[in-house]
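Asker: Dropping the sequence and predicted coords here.
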Amino acid sequence: MLTKLKKWGRSAIVRNERGSINIGGTLLMGIGMVFLAVGFIMFPIVTDDTDDLLAYAYSANNTITDATFTGFTAVVGITPLLVLLGFLSGAVFAMYLGVKITKGAAGGTQLDLGSIMLMGLSVVFIAVALIILPVALDGISSVIHGGGTGISSSYTGLSPVLLVTPLLILISFLGGAVVSGFFGIKMGTKGA
């Protein structure tokens with residue numbers, strides 16, 4: 001076999017090769033694997049942080065807990081599942097597009113650095129939410145507690161807004177993670 005290759009030269013090997021490799025497709029499949037890995041790395045962290053949020057009690061008044069805030073407990077309880085499903089679907093979608101690009105079905109699709117940064121930003125949104133929520137809960141609880149007197153009756157409509165604010169903060173960050181991850185993948189595959 002070696003003597004045949006020497007006899008025919010390099011053209012015999014190159015003649016049987018077809019097509020080209022699109023590095024964007026390979027990179028996108030790799031990003032899909034990173035989504036998968038990061039999802040399983042972040043899952044225990046997210047569950048620990050959500051356990052802390054579910055066990056929240058304001059230090060100055062233990063009657064203000066996570067259940068005090070409108071709808072907060074239910075959304076915090078489903079957050080780990082949403083995060084895990086988000087990372088799994090991001091991984092599957094990125095790998096699917098990577099295979100599609102590699103096979104050439106996407107017709108000249110290319111990745112850009114901005115889209116990769118958007119995908120990474122989705123992870124940052126989740127991390128920032130888990131950092132900011134305990135701080136926000138303490139701040140909101142201190143206003144609700146009001147030094148033991150509660151919220152002043154002078155502030156019309158403040159109590160219902162404060163009670164729903166932690167839920168809005170959590171949903172905003174989770175929504176930001178979903179949107180930035182989706183557009184990072186979608187915009188990164190122009191023409192797909």
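Answerer: Looks like it came in fine.
Asker: nearest spatial neighbour of residue 164, skipping sequence neighbours?
Answerer: Distances taken as Cβ to Cβ, 6 or more residues apart in numbering place residue 70 nearest to residue 164, at 4.6 Å, with adjacent residues excluded. The way it works is simple: take the backbone N, C-alpha and C, and place the C-beta from them, glycine included.
Asker: Double-check that the one you found belongs to a strand.
Answerer: No. Residue 70 is assigned coil when assessed by DSSP: H, G, I helix; E, B strand; the rest coil, not a strand.
Asker: hang on, isn't it packed against residue 161?
Answerer: No. Counting by Cβ atoms under 8 Å, residue 70 sits too far from residue 161 to count as a contact (9.9 Å).
Asker: Among these two, which residue is more densely surrounded?
Answerer: residue 70 (16 against 12; other Cβ atoms under 10 Å).
Asker: Let me see the contact set for that one.
Answerer: 160, 163-164, 167 (Cβ atoms under 8 Å, 6 or more residues apart in numbering).
Asker: Filter these down to the buried ones, PyMOL style.
Answerer: Paste this into PyMOL to select the buried members of the contacts of residue 70, with burial taken from 16 or more other Cβ atoms under 10 Å:
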select buried, resi 163+167
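Asker: Which of the contacts of residue 70 fall in strands?
Answerer: Among the contacts of residue 70, no member falls in strands (DSSP state E).
Asker: which of the contacts of residue 70 lies closest to residue 88?
Answerer: Nearest to residue 88 among those, counting by Cβ to Cβ, is residue 167 at 24.6 Å.
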